[in-house]
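In: only geometry, no sequence info:
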């Protein structure tokens, strides 16, 4: 989770503060809506005033909601925990599997592709080596 937060902060500097500010603005709008409604229900204001204020508040709430959807998503602890559990299960299963085909199944589930070096020739420094590529969402786990 700490790594996910570090990456999030690096990729979207300032978005945490912007999200917090927008959420606080949402709370202020809800409080304002309650005050406006209270004034109307107490008879201190008429229906025309209430409808106009309610429309203004609703428009501001839509603006804040739209702003929040444009911000990058924060790391989700539940998603990260599920991801880690799945990787742990796959690793445990691969360690217990004696059948090479079972191990290949685990590697396929991870999206592992083994690429032979281009221009393989005996005597080259990279002869017999391979490069491993993983599905993008798993790459940072094996870096």
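Out: Here it is on my side, so go on. Everything numeric here is computed off the predicted structure, so don't read it as measured data.
In: how does the protein divide into domains?
Out: What automatic domain parsing lists as the domains of the chain is 2-70, 77-139.
In: export those domains to CSV and tack on mean pLDDT and mean neighbour count?
Out: (Glycine included, C-beta is placed from N, CA and C.) Below are the domains of the chain laid out as CSV (pLDDT from 0 to 100; neighbours: other C-beta atoms under 10 Å):
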stretch, mean pLDDT, mean neighbour count
domain 2-70, 92, 12
domain 77-139, 68, 11
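In: how far off centre is the helix or strand encompassing residue 24?
Out: If you go by DSSP states H and E, residue 24 is part of helix 15-42. Offset of helix 15-42 from its chain centre (C-alpha atoms, centre = their mean, to the nearest Å): 26 Å.
In: and the next element down the chain from it?
Out: Next along from helix 15-42, by DSSP H and E: helix 47-70.
In: got the angle between that following helix and helix 15-42?
Out: Helix 47-70 and helix 15-42 meet at an angle of 160 degrees, taking axes from the mean of the first three to the mean of the last three C-alpha atoms, to 10 degrees as the criterion.
In: and helix 47-70, what other elements does it pack with?
Out: Secondary-structure packing of helix 47-70 (3 or more C-beta pairs under 8 Å, 6 or more residues apart in numbering; DSSP states H and E): helix 15-42.
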